[in-house]
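A.B. asks: sequence and computational prediction follow.
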Amino acid sequence: MLRSFIIAISLLSIIIIPVYSQSCVPEGISFVIQQDVNDFLINYPECTEIEGSVEFHGSMWDLSPLSNIISIGGDLTFTDCDNLTSFQGLNSLTSVGGKFKMYDCQELTNLNGLSSLNSIGGEMEINQNYNLISLYGTSSLTSIGGQLKIMSNSNMLSLYGINNLTAIEGKILIQNNGDLVSLEELENLDSETISELTIIYNNELKICETQSICNYLLNDLGPATIYGNALGCNSVSEVEEACATVSIDEASFSGDITTSPNPFTTSTTLSYELKYPEKVMLMIYDYLGKQVYQTEENQQQGKQKLKWNADRYADGIYYYRLQVGKQTANGKMVKVKI
């Protein structure tokens, strides 16, 4: 009886074995068709860490067989990915040791599916993805170990998604993104981690005076090239002038400007505090930079509010500019369907 009990316990201890992370394919792997992706789970059922580089190049649409992967030691590259509409399936991926490159993936409108990715060891390049609207899906990303290159994404409206990025180790290149209006999503980036700044040929880009860029320029932390953008971000001197206004703005308000609700469905309210009575003007622009609304009023010292009723306006991204006397402050609002 005792012998049988000991055998049973021994068998149970064999069965209950904790599952640890397991690495695979140190030589790297390339996926060309959907069957390649499906076969990965069959060939490497326990793999959670790919040691080498991973390349997606071709026709595929479902990345769910890769749902166990938590890290990639080398590069992660997507090029000419026909039929790929999201990165769903890579939701467990937390780190890429090398570069992250996304080139000519025409069905992708955002980066949804990369919600756990928090670090990229090398550069991040987003290039020639003509239907890409934003970087939504990368809210966990905090560090990039190389350059940040966002180029030739003709329909990109904003950099929304990388709002929590705090450090890069290299150059920022923002080029030929025709519909991009603002760089406010770079607000939290540590300017001392930027080695060079190039912002060129973004025809609609008018708001570049984020705190990170202002700190970089005003503290002369490295080379800067800015031209070919909209008025307000068409030269280094224009951005520096706007940065001076931003600095004044911060000293002019007793508290932060907030919009609530945001996102909103029908209306939103801007709340702020004035240190003294002043004429206040609110201007709102659509994602193309076209002014769609303006109001002004004289307000007293203290807590103040301005409400925007957006019932008759289309859903999408809007930018506000609050002018208090000669001082201004900018921000973004998103109108969504009910």
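C.D. replies: Good, I have the coordinates. Numbers count the residues shown, from 1 in each chain.
A.B. asks: please count neighbours and contacts with C-alpha atoms only from this point.
C.D. replies: Will do.
A.B. asks: for residue 327, report the pLDDT, please.
C.D. replies: pLDDT for residue 327: 66.
A.B. asks: do the one 10 residues further on as well
C.D. replies: Here, the pLDDT recorded for residue 337 equals 83.
A.B. asks: what's the answer for residue 16, then?
C.D. replies: Value for residue 16, per-residue pLDDT: 38.
A.B. asks: can you get me a residue count around the nearest residue to residue 170 once chain neighbours are set aside?
C.D. replies: Leaving aside its chain neighbours, residue 170 sits nearest to residue 147 (4.5 Å; criterion: C-alpha to C-alpha, 6 or more residues apart in numbering). Residues lying near residue 147 (other C-alpha atoms under 10 Å) number 20.
A.B. asks: from residue 168, how far out is residue 147?
C.D. replies: Look at residue 147 and residue 168: by C-alpha to C-alpha, to the nearest Å, they are 7 Å apart.
A.B. asks: could you do residue 303 as well?
C.D. replies: For residue 303, the distance to residue 168 - C-alpha to C-alpha - is 38 Å.
A.B. asks: so for the two, which sits in the more crowded spot?
C.D. replies: More neighbours surround residue 168 than the other of residue 303 and residue 168, with 27 against 14 (other C-alpha under 10 Å).
A.B. asks: from what I can see the more buried one touches residue 149, true?
C.D. replies: No: assessed by C-alpha atoms under 8 Å, residue 168 is found out of contact with residue 149, at 11.2 Å.
A.B. asks: where exactly do the helices run in the stretch 201-338 of the chain?
C.D. replies: Secondary structure of the stretch 201-338 of the chain, counting by DSSP state H, counting those that start in this stretch: helices at 211-218, 236-252.
A.B. asks: touching, residue 337 and residue 315? I think so.
C.D. replies: Yes: assessed by C-alpha under 8 Å, residue 337 is found in contact with residue 315 at 6.6 Å.
A.B. asks: name the helix or strand of this protein that has the lowest mean pLDDT.
C.D. replies: Between all helices and strands in the chain, the lowest mean by mean pLDDT, DSSP states H and E belongs to helix 2-15, at a mean of 42.
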